[in-house]
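Peer 1: this is a predicted model, with the sequence first.
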Number of protein chains: 2
Amino acid sequence: MKLLSVGTVAFDAIETPFGKTDKILGGSATYVGLAASVLNTVVDLVSVIGGDFPQEYLDMFTSKNIGIKGIETIADGKTFFWAGKYYNDMNSRDTLVTELNVLENFDPKIPAHAADAEVLMLGNLHPAVQLAVLDRMNQRPKLVVLDTMNFWMDLTWDLLMEVIAKTDVITINDEEARQLSGEYSLIKAAKKIHEMGPKFVIIKKGEHGALLFHEGKVFAIPALLLEEVYDPTGAGDTFAGGFVSHLAKKGKFDFETMKYALIVGSALASFTVEKFGTEQLQSVTPEMLKSRIQQFKELTTFEVEI
Amino acid sequence: MKLLSVGTVAFDAIETPFGKTDKILGGSATYVGLAASVLNTVVDLVSVIGGDFPQEYLDMFTSKNIGIKGIETIADGKTFFWAGKYYNDMNSRDTLVTELNVLENFDPKIPAHAADAEVLMLGNLHPAVQLAVLDRMNQRPKLVVLDTMNFWMDLTWDLLMEVIAKTDVITINDEEARQLSGEYSLIKAAKKIHEMGPKFVIIKKGEHGALLFHEGKVFAIPALLLEEVYDPTGAGDTFAGGFVSHLAKKGKFDFETMKYALIVGSALASFTVEKFGTEQLQSVTPEMLKSRIQQFKELTTFEVEI
């Protein structure tokens, strides 16, 4: 099936205890597109960039069969830019700069050949933009996956609830699940979120892994342990990207397929954090992915003895 | 094999959002003993109590084949007492009262029939007490499992390092592993702790599960998700108790057996938190445990498709 990924294509400037970058390629749609290309999933990006966005990045997308016809260029505008600094524990970060630029008036244009995509990944954007995308598809996609965050819960609750009602899978972190549901127990939180629309709830816990809830069933995965995390930027987007790309590739959305899609997303994300920005993800081969998935199996498998 | 559990037998008074208890039975050795009794593992407790400790609790131990000859009674002393209050998230708590009482001068006496126990569980106590126990065993046990905490790292570093050097398995939480090793990456932390003595490092992460490290290998388990946690008191001790009891029962200490022991400990701990204090753990049957271990299998199992 075809995947449509709506989100940001952007510049990031990142500082971690291991070093510092200039403006490099970033953005949620970028990571989803790269994840899809590792899995050889047909993907189109919908985003907006400024006249300052390098042609070489667009060429890189094209060389990896990532569709860029939905990336609008505002020639006299500047590309969305984020700068952030991570501290020793890599779990806390400060945002140093957020320049929305062309993203401020983002009016998503969906290329005709992609408007019938069966799988839609709505990246973390203003809920009004997410609603516009849903409205502009030829028909309701077979699977709508939503990424959002506490920011939109605080500022645009009603609009967000409209989007959530039209969503099959929502990905949020544990604190956001608690905020959205008003429940501390994650089991209860997932039940309440099911009632809002999404039949599948994915709770991202960073270094502690992720949970998938579906109609009373739960699946839990740990995060792969790495000697060193160099740059966590893009890990969540890579995770979501690997997840939707696997589902689009398989064309099946049952619980068992979702479980494995979670592993694929998590394995891919473990590459992203090994270098700055998209560098490592750009060089992942299917063989590398396969070997990392095997590591997951070893990390979690045990035999019942009693 | 025989298990010897050194730790506290105490009174706890607990307040959670779900209610409040008077002084009830608690203590690390108590939870380890009860865990052993579920698994039908031969166990002796070494601890100290005051004249105020109810005979009915001792009778309960005896009825469950938990050896109490190593529990010394100081007739004119008072039993160790802890009172604490948990807040909504159940992860933060305040200690309201800590009365060491007879624990202050705890001089562990090991009954002759237990001094040759093959498996020794050193509960979270002053490292000097832990060293005394090691010294008073007939010979070095085949397996020494150590529970400790940041408090002893802050106050009694050198003594603690002496105990750790004589330990096969250490159980600590992630922050303590980082403090002990000076490494943020848990993989690196485990390597450094291996060099201090323990060939096995267990990192407890509460609601996020646990990790087992051994010579470059890692095993990760999530925590079982419960609708509601009523009282987390004793969860860590039950976890350690289930872990050592399974190992003593099997008489094998290889990585595969340890992995399963981790599951047993975690499954047992999930019962403890369902009611106040030891109430639920006292009523767990082997069948209940088996069914909960099956839940673990369902929570974590996936098929590799790629």
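Peer 2: Yes, it's here. Because the structure is predicted, anything quoted here is derived from the model rather than measured.
Peer 1: can we go C-alpha only for contacts and neighbour counts from here?
Peer 2: Noted.
Peer 1: enumerate the residues of the stretch 201-306 of chain A near chain B.
Peer 2: A:208, A:218-222, A:225-228, A:256, A:259-260, A:290, A:293-294, A:297-306 (Cα under 8 Å from any Cα of the partner chain).
Peer 1: can you say which of those are buried?
Peer 2: Buried by 16 or more other Cα atoms under 10 Å in any protein chain shown: A:208, A:218-222, A:225-226, A:228, A:259-260, A:290, A:293, A:297, A:299-302, out of these.
Peer 1: so the residue most central in space within chain A: helix, strand or coil?
Peer 2: When Cα atoms, centre = their mean is applied to chain A, the residue found nearest the centroid is A:D237 (2.8 Å). Of the three states, A:D237 takes helix according to DSSP: H, G, I helix; E, B strand; the rest coil.
Peer 1: that one contacts A:G33, correct?
Peer 2: No: taking Cα atoms under 8 Å as the definition, A:D237 is not a contact partner of A:G33, at 9.8 Å.
Peer 1: thought A:S185 was touching B:E228?
Peer 2: Yes: between A:S185 and B:E228 there is a contact at 6.2 Å, judged by Cα under 8 Å.
Peer 1: name the helices or strands packed onto the longest helix along chain A?
Peer 2: Scanning chain A for the longest helix, with DSSP state H as the assignment, gives helix A:255-272. Here helix A:255-272 touches helix A:235-250, helix A:279-282, helix A:286-300, going by 3 or more Cα pairs under 8 Å, 6 or more residues apart in numbering or on different chains; DSSP states H and E.
Peer 1: most packed of these?
Peer 2: When the helices and strands packed on helix A:255-272 are scored by mean count of other Cα atoms under 10 Å in any protein chain shown, the highest mean neighbour count falls to helix A:235-250 (a mean of 27).
Peer 1: quick one: that one to helix A:255-272, angle?
Peer 2: For helix A:235-250 against helix A:255-272, the angle by axes from the mean of the first three to the mean of the last three Cα atoms, to 10 degrees is 140 degrees.
Peer 1: for helix A:235-250, give me every contacting residue.
Peer 2: Helix A:235-250 has contacts (Cα atoms under 8 Å, 6 or more residues apart in numbering or on different chains) with A:1-3, A:28-29, A:31-36, A:39-41, A:118-119, A:121, A:145, A:171, A:204, A:253, A:257-258, A:261-270, A:272-273.
Peer 1: convert the C-alpha atoms of that helix to CSV, please.
Peer 2: Output in CSV follows, covering the C-alpha atoms of helix A:235-250 (Å, rounded to 0.1, in the frame of the first residue of the first chain):
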residue,chain,number,x,y,z
ALA,A,235,14.2,9.0,17.3
GLY,A,236,10.4,9.4,17.8
ASP,A,237,9.8,10.2,14.2
THR,A,238,11.9,7.3,13.0
PHE,A,239,10.0,5.0,15.3
ALA,A,240,6.7,6.2,13.9
GLY,A,241,8.1,6.1,10.4
GLY,A,242,9.3,2.5,10.7
PHE,A,243,5.9,1.6,12.3
VAL,A,244,3.7,3.0,9.5
SER,A,245,6.1,1.9,6.7
HIS,A,246,6.0,-1.7,7.9
LEU,A,247,2.2,-1.6,8.1
ALA,A,248,1.9,0.0,4.6
LYS,A,249,4.3,-2.6,3.2
LYS,A,250,2.3,-5.5,4.7
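Peer 1: what's the model's confidence in it, averaged?
Peer 2: Average pLDDT, helix A:235-250: 97.
Peer 1: in chain A, which spans are helices?
Peer 2: Assigned by DSSP H, the helices in chain A fall at A:28-39, A:55-63, A:127-136, A:150-155, A:157-165, A:174-181, A:186-196, A:235-250, A:255-272, A:279-282, A:286-300.
Peer 1: list the buried residues of the longest one.
Peer 2: Burial within helix A:255-272, assessed by neighbour count using 16+ other Cα under 10 Å, is assigned to A:255, A:257-272.
Peer 1: rewinding a little: and the helices of chain A as JSON lines, adding distance to B:M60?
Peer 2: Below are the helices of chain A laid out as JSON lines (distance: least, Cα to Cα, whole Å):
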{"stretch": "helix A:28-39", "distance to B:M60": "58"}
{"stretch": "helix A:55-63", "distance to B:M60": "69"}
{"stretch": "helix A:127-136", "distance to B:M60": "59"}
{"stretch": "helix A:150-155", "distance to B:M60": "50"}
{"stretch": "helix A:157-165", "distance to B:M60": "53"}
{"stretch": "helix A:174-181", "distance to B:M60": "40"}
{"stretch": "helix A:186-196", "distance to B:M60": "35"}
{"stretch": "helix A:235-250", "distance to B:M60": "51"}
{"stretch": "helix A:255-272", "distance to B:M60": "44"}
{"stretch": "helix A:279-282", "distance to B:M60": "59"}
{"stretch": "helix A:286-300", "distance to B:M60": "37"}
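Peer 1: of those helices, which is nearest B:D158?
Peer 2: Closest to B:D158 of the helices of chain A, according to Cα to Cα: helix A:286-300, at 33.8 Å.
Peer 1: tell me how far the residue of the stretch 51-200 of chain A found nearest chain B lies from B:L159.
Peer 2: Per Cα to the nearest Cα, the residue of the stretch 51-200 of chain A with the smallest distance to chain B is A:I187, at 5.6 Å. Taking Cα to Cα, to the nearest Å as the measure, A:I187 and B:L159 are separated by 43 Å.
Peer 1: swap in A:E274?
Peer 2: 38 Å.
Peer 1: what does the stretch 1-150 of chain A have sitting close to chain B?
Peer 2: With Cα under 8 Å from any Cα as the criterion, the stretch 1-150 of chain A comes near chain B at residues A:88-89.
Peer 1: what is the burial count for the closest residue to A:A177 other than its chain neighbours?
Peer 2: Of all residues not flanking A:A177 in the chain, A:A189 sits nearest, at 6.3 Å (Cα to Cα, 6 or more residues apart in numbering or on different chains). The tally of other residues near A:A189 (other Cα atoms under 10 Å in any protein chain shown) stands at 22.
Peer 1: go on, A:T278?
Peer 2: A:T278 has 24 neighbouring residues, counting by other Cα under 10 Å.
Peer 1: for it, what are its contacts?
Peer 2: Taking Cα under 8 Å, 6+ apart, we find A:T278 in contact with A:25-26, A:31, A:234, A:272.
Peer 1: equivalent analysis for A:V284, please.
Peer 2: A:38, A:271.
Peer 1: ok, residues contacting stretch A:23-30?
Peer 2: With Cα under 8 Å, 6+ apart as the contact definition, stretch A:23-30 has outside contacts at A:5-13, A:45-47, A:57, A:123-124, A:234, A:237, A:277-278.
Peer 1: so A:A261 versus B:E305, what's the distance?
Peer 2: 10 Å.
Peer 1: return every residue with contacts to both of those two.
Peer 2: Residues touching both A:A261 and B:E305 by Cα under 8 Å, 6+ apart: none at all.
Peer 1: related to what we said a few turns ago, the longest helix of chain A vs helix A:28-39, what angle?
Peer 2: Going by the same axes, to 10 degrees, helix A:255-272 makes 110 degrees with helix A:28-39.
Peer 1: now helix A:255-272: average pLDDT?
Peer 2: pLDDT averaged over helix A:255-272 gives 96.
Peer 1: A:Y86 touches A:D94, doesn't it?
Peer 2: Yes: contact criterion Cα under 8 Å: A:Y86 and A:D94 qualify, at 6.6 Å.
Peer 1: who has more neighbours, the two?
Peer 2: A:Y86 (20 against 11).
Peer 1: hey, what's that one bridged with?
Peer 2: Judged by DSSP bridges, the bridge partners of A:Y86 are A:R93.
Peer 1: what comes up buried for stretch A:82-98?
Peer 2: Quick answer for stretch A:82-98 (16+ other Cα under 10 Å): A:82-86, A:90.
Peer 1: just these: which has the poorest pLDDT?
Peer 2: A:M90 (74).
Peer 1: model confidence for the closest residue to that one other than its chain neighbours, exactly?
Peer 2: Setting aside the residues directly before and after it, A:M90 is nearest to A:P232 in space (Cα to Cα, 6+ apart), at 7.0 Å. A:P232 is assigned 92 on the pLDDT scale.
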